[in-house]
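>>> Task: produce atomic coordinates for the following.
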Amino acid sequence: MEYQKGPYTEKLNITILKVFKVIIYLFFLTISYGCGVYSFTGASISPEVKTISFENFFNNSPLGPSNMSVLFTEKIKDYFERNTSLEIVDENGDLEIEGTIEDFSLSPVAPTAEGGRNAQFFTGLTRLTVRVNASYLNKTDEQFNFENKSFSFYKDFDQNTEDLSSNEQEFVEEIFDQIVLDIFNSSVANW
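Model prediction:
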């Protein structure tokens, strides 16, 4: 028996297609609202939270570039602005983040010996480490608050091929990118 199209089969196909579209729509609607507010960055922010405020991260470190405070504060604001729907306000946000840059230090990582018998020890790799202390206040859900939590990251470089004074800004920005991500994950992503 051969299948024949008629006016009733066309209506049935259209109806099935509409039902399928509604089911797909409801599926995605359920997923998006079923678990609270979720974004693909991992941020899990309550719907009541609308604003965030940042205090300037002051530089308490005796070393480092003079613009570290401004650079870090702007980096963290930019990251939250790009990865959440929160409005940044000057003060009294639903979420508040503040802190200080506590350490900017250099330490040898891989010593090398050069020069034969009269060798002096040189550093093959040097580690630049930056440590930031941050506090986070969530006015709607205090279970995720933290105070003076330490975040640090480092960059190893070879002083024989990479001059610190020429590359310092690039190294600091790379370190700050990771620290900002860690603060983001500890605060709004609840990791």
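
>>> quick one: low-confidence parts of the chain?
Scanning the chain for pLDDT under 70 picks out the ranges 1-13, 17, 19-20, 22, 24-43, 113-123, 190-191.

>>> Show me the helices in it, by range?
For the chain, the helices defined by DSSP state H occupy 7-34, 68-83, 164-187.

>>> Now do the last one: everything it contacts.
By C-beta atoms under 8 Å, 6 or more residues apart in numbering, the surrounding residues in contact with helix 164-187 are 41-43, 64-65, 68, 71-72, 75-76, 79-80, 83, 95, 97, 106, 126, 128-130, 132, 134, 136, 138, 144, 146, 149, 151-155, 157, 191. C-beta: built from backbone N, CA, C; applies to glycine.

>>> Give me the buried entries from those.
The neighbour count (16 or more other C-beta atoms under 10 Å) marks 41, 43, 64, 68, 71-72, 75-76, 79-80, 83, 95, 97, 126, 128, 130, 132, 134, 136, 138, 144, 149, 151-155, 157 as buried among these.

>>> Next step: the residues you listed restricted to strands.
Per DSSP state E, strands hold the following members of the buried ones among the contacts of helix 164-187: 95, 97, 126, 128, 130, 132, 134, 136, 138, 149, 151-155, 157.

>>> what's L95 in contact with, if anything?
Under the criterion of C-beta under 8 Å, 6+ apart, the neighbours of L95 are 49, 51-53, 86, 136-139, 187-188.

>>> Give me the neighbour count for the closest residue to E87 other than its chain neighbours.
What sits nearest to E87 in space, not counting adjacent residues and going by C-beta to C-beta, 6 or more residues apart in numbering, is T51, at 4.9 Å. Neighbour count for T51, taken as other C-beta atoms under 10 Å: 16.
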